[in-house]
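**Q** need a 3D model of the sequence below.
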Amino acid sequence: MWHWNHYIFPQDLWPHFQKFKNAIVGIDPVKEKFIPSFFEKENVRCYVLNGKNKTMIWCRDGANSWRTEFEDGVPAVLKENFTILANDLKTNKFKKVRIYDPWKDSWNTNINVRDNEINIPSFLRSIVIILEL
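**A** Model prediction:
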């Protein structure tokens with residue numbers, strides 16, 4: 001497609017594709033038979049893929065977008081004290097929680113889960129949460 005040669009290559013956007021690959025490592029979409037859902041709370045948009053063994057959640061700061069940063073000149077602000085409840089996900093049977101920060105390209109497996117609440121560490125722009133059921 002035209003945009004590869006005219007946008008992806010010149011802008012050197014390949015590292016973003018690697019981060020996407022890192023976020024989905026170990027995920028088999030066919031096996032999981034994901035069902036999408038969505039919820040929003042505390043100005044964070046949460047795009048959910050509920051699978052048979054794993055649930056993936058992409059949390060995006062609702063106050064931030066490419067337009068706010070690049071056109072309006074408003075820098076991204078650290079999102080703090082964000083909690084996801086089991087009720088938000090319509091499940092309470094997750095065993096393990098991993099969080100991937102695509103902006104730092106790092107995983108956090110030391111997540112505080114208490115009383116079916118997941119305390120999300122501070123993040124800038126977006127974060128990916130993997131729940132193993």
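
**Q** and the longest helix along the chain, how far from the chain's centre?
**A** Identified as the longest helix of the chain according to DSSP state H is helix 14-23. Mean C-alpha position of helix 14-23 versus that of the full chain (Cα atoms, centre = their mean, to the nearest Å) differs by 13 Å.

**Q** helices of this structure, start to end?
**A** 2-3, 9-11, 14-23, 29-32, 66, 86-89.

**Q** so for the last one, mean pLDDT?
**A** The one in question is helix 86-89. Across helix 86-89, pLDDT averages out at 83.

**Q** so which bits of that helix are buried?
**A** For helix 86-89, burial by neighbour count (16 or more other Cβ atoms under 10 Å) applies to 86, 88-89. All C-beta spots, glycine's among them, are computed from the backbone N, C-alpha and C.

**Q** C-alpha coordinates for the longest helix of the chain, PDB please?
**A** Once non-C-alpha atoms are left out, helix 14-23 reads as follows in PDB (Å, rounded to 0.1, in the frame of the first residue of the first chain):
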ATOM      1  CA  TRP A  14       8.700   0.300  12.700                       C
ATOM      2  CA  PRO A  15       9.300   0.300  16.500                       C
ATOM      3  CA  HIS A  16       5.600   0.700  17.000                       C
ATOM      4  CA  PHE A  17       4.900  -2.500  15.200                       C
ATOM      5  CA  GLN A  18       7.500  -4.300  17.500                       C
ATOM      6  CA  LYS A  19       5.700  -2.900  20.500                       C
ATOM      7  CA  PHE A  20       2.400  -4.300  19.200                       C
ATOM      8  CA  LYS A  21       4.100  -7.600  18.700                       C
ATOM      9  CA  ASN A  22       5.400  -7.400  22.300                       C
ATOM     10  CA  ALA A  23       1.900  -6.700  23.600                       C
END
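
**Q** lovely, talk soon.
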